[in-house]
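1. After the sequence you'll find the predicted model.
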Amino acid sequence: MSAPTQRPKVTEREARQVAEAAREQDWRKPSFAKELFLGRFRLDLIHPHPLPSEEDVRRGEAFLAKLRVFCETRIDGRLIEREARIPDEVVTGLKELGALGMKIDPKYGGLGLTQVYYNRALALVGSASPAIGALLSAHQSIGVPQPLKIFGTQEQRDTYLPRLATTDISAFLLTEPDVGSDPARLATTAVPDGDDAYVIDGVKLWTTNGVVADLLVVMARVPASPGHRGGITAFVVEADSPGVTVEHRNAFMGLRGLENGLTRFHGVRVPAENRIGPEGAGLKIALTTLNTGRLSLPAMCVGAGKWALKIAREWAAVREQWGKPVARHEAVGTKISFIAATTFALEAVVDLSSQMADEDRNDIRIEAALAKLYGSEMGCLIADELVQIRGGRGYETADSLAARGERAVPAEQLLRDLRINRIFEGSTEIMHLLIAREAVDAHLAVAGDIIDPEKSLGDKAKAGARAGGFYARWLPKLVAGQGQVPGAYREFGPLATHLRYVERTSRKLARSTFYAMSRWQGRMELKQAFLGRIVDIGAELFAMSAACVRADLLRNTDDHGKEAYALADAFCRQSRLRVEELFGRLWSNTDDLDRRVVDGVLAGRFEWLEAGVVDPSDDGPWIADAAPGASTEENVHRKIP
């Protein structure tokens, strides 16, 4: 048996320091969401709703038209689900269509679509096959193109972007068998080999696109040595390099066409010119890439919501129970209302965030993270409600329905496919912590040294003086605002009341955050349930704001302004109920009790409760050994022509 993997030994504090060093430290541009968490409702940052240029619209709509025809004529989603593989000819067709280069500049052979139209394309193709949406998203949102666009050298762009725009599929490799959201424990190494190369050794898990990728972004730890700063570093690696072995193609509860695998690197020699950015910048590159990359997941959730609404409308109108269509029964009608209103809000959040990303006037790191968090959570709820509306047919597979002569509606597949969105590219729990960290950044900037146990008394005194000045100016502004003025935001008509609510509630949210920091100080970071609720309130307020602004845009530019106002109003009223519940749970909850129960579970005091069942899982290790070394497995990598 091989020796256990030697992973870096890190303390909790060291792990936090690694994560902190990787985040963007400065706020050089305004952020609507950041201001919202500080109790400042900066409506001027999102209203009037930003719009794409006419040329961007022309190019985007032209591609969407071609993509729609391709989806309708060339993609068989049920076949992909049944065979758990995207046919090679479909991928080849996507390449010919230019789908690999949607976000790549035309000078490199790409289409140069905006973030808005890229996301709409993902929503469209994802509705035909979520596995294809995931393939294209992993390739362009977090794969090789985006890091090279932001951090690559001109030579790297000239070398790789033309390939990535037309023929080559890319993948992003960060996660390892024993490393998820804690990159401080990353074990894959890239050891300098002279001045012109690095040698990579290690194992990467859950490599979306890794089974079919031609180019990889690999995160590996460079040991510090004379002439080498070291640290987690990003590299472009040719997937067919000697020593790269895809040892396993993973299978999941959903996204069955996903080409996701386990990849081993053994003595893989990578030229130094393939390093992206300086040594030690790998995590910063990854997080910066995700600022816009995260928008692809909620975009596909929007597509799922649109399809769910269509099926709910058509089915609930024809299915009769007790003398009338089920849609007319309030128990079902409330679910349809939730699906419609929430889909409208999700599209508002994604389009607004995407257009702000295109304009690059605002810092959208929090907006994109909120979009991912909110979209993935609400998308799952929408799918679950659709399954419930369909009843037994919602639980039955599309192929089984078709075999009985009924319409093949893959509602259960939608639920399975969407479930992963709450886990990958930042789980809900990690997104809560990430957003909470950004939301309290202003507080930590002025008062962080006060609660830092490693700071001297002199540093703490200086921090106290800074904090006193900041809070003397900030706290009085949380007392009153436009939300208490009856005529404020009158240009939004009947939606003005909701914007006044957002303004008032953002100040209440800021006061609650300040109170919690004063109460718990350095222990605040341990109050993860509390921080999660703070973030969820902010997400609801952001979604309400986006919904109102979008409704106002459609009133002025579209034929459906009246209907948009109705949907925005319904969403805001539903959202306000959720916000009030979250505020109540900030201070009235079972968090302390839950921790005591967990202590009991881990101590084995409740093992008696587990009696009376059998465990169908085998006795293998919880985490497979990932010791570096030569592969003993067959290489299951396959190249798509």
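-> Nice, thanks for sending it over.

2. wait, residue 351 sits on residue 116?
-> Yes - between residue 351 and residue 116 there is a contact at 6.2 Å, judged by C-beta atoms under 8 Å. C-betas here are computed from N, CA, C, even on glycine.

3. measure residue 429 to residue 373 for me?
-> As defined by C-beta to C-beta, to the nearest Å, residue 429 lies at a distance of 10 Å from residue 373.

4. neighbour-wise, which of those two wins?
-> Here residue 429 and residue 373 are compared on neighbour count by other C-beta atoms under 10 Å; more neighbours surround residue 373, at 28 against 14.

5. Distance check, that one against residue 536.
-> Using C-beta to C-beta, residue 373 is found at 8 Å from residue 536.

6. joint contacts of those two?
-> Counting by C-beta atoms under 8 Å, 6 or more residues apart in numbering, the residues touching both residue 373 and residue 536 are residue 432.

7. Quick one: the strands in the chain, in order.
-> Taking DSSP state E as the test, the strands found in the chain are 170-173, 189-192, 197-208, 215-222, 231-238, 244-249, 260-271, 275-276, 320-321, 324-325.

8. who touches the fifth one?
-> Outside strand 231-238, the residues within contact range by C-beta under 8 Å, 6+ apart are 18, 144, 147-148, 151, 156, 160, 183, 186, 190, 198, 200, 214-222, 224, 244, 265, 268, 270, 274-283, 285-286.

9. ok, now with 7 Å
-> The contact list for strand 231-238, computed with C-beta atoms under 7 Å, 6 or more residues apart in numbering, reads 144, 147, 156, 160, 183, 186, 190, 198, 215-222, 244, 268, 270, 274-277, 279-283, 285.

10. Taking their axis directions, it and strand 260-271 sit at what angle?
-> Strand 231-238 and strand 260-271 are oriented at 100 degrees to each other (axes from the mean of the first three to the mean of the last three C-alpha atoms, to 10 degrees).

11. partners of strand 231-238 in the sheet?
-> Using DSSP bridges, the neighbouring strands of strand 231-238 in the sheet come out as strand 215-222 (antiparallel), strand 275-276 (antiparallel).

12. Then the first one?
-> Strand partners for strand 170-173, identified by DSSP bridges, are recorded as strand 215-222 (parallel).

13. Any idea how far the strand it pairs with is from the middle of the chain?
-> 21 Å (C-alpha atoms, centre = their mean, to the nearest Å).

14. average pLDDT for it?
-> Mean pLDDT, computed over strand 215-222, is 96.

15. Deepest in the core, which of the strands of the chain is it.
-> When you average the neighbours per residue for each of the strands of the chain (mean count of other C-beta atoms under 10 Å), strand 170-173 leads with a mean of 28.

16. and that strand, C-alpha only, in PDB?
-> The C-alpha trace of strand 170-173 is given here as PDB (Å, rounded to 0.1, in the frame of the first residue of the first chain):
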ATOM      1  CA  SER A 170     -10.300  23.600 -21.400                       C
ATOM      2  CA  ALA A 171     -10.700  22.700 -17.700                       C
ATOM      3  CA  PHE A 172      -9.900  24.200 -14.400                       C
ATOM      4  CA  LEU A 173      -8.000  22.000 -11.800                       C
END
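
17. so where's the stretch 51-200 of the chain uncertain?
-> In the prediction, the stretch 51-200 of the chain carries residues with pLDDT under 70 at positions 181.

18. could you redo the last one with a cut-off of 90?
-> When residues are selected by pLDDT under 90, those of the stretch 51-200 of the chain lie in 142, 178-185, 194-195.

19. Also the stretch 251-400 of the chain?
-> Screening the stretch 251-400 of the chain residue by residue with the criterion pLDDT under 90, one finds the ranges 286-293, 319-327, 360-361.

20. Ok, the stretch 501-641 of the chain next?
-> Counting by pLDDT under 90, the stretch 501-641 of the chain contains low-confidence residues at 516-526, 556-559, 619, 623-627, 641.

21. Sketch out the helices for it, chain order is fine.
-> Assigned helices in the stretch 501-641 of the chain, in chain order: 528-557, 561-587, 591-603 (criterion: DSSP state H, counting those that start in this stretch).

22. Quick check: which of the ones you listed is buried the most?
-> Scoring those by mean count of other C-beta under 10 Å, the most buried comes out as helix 528-557, with a mean of 23.
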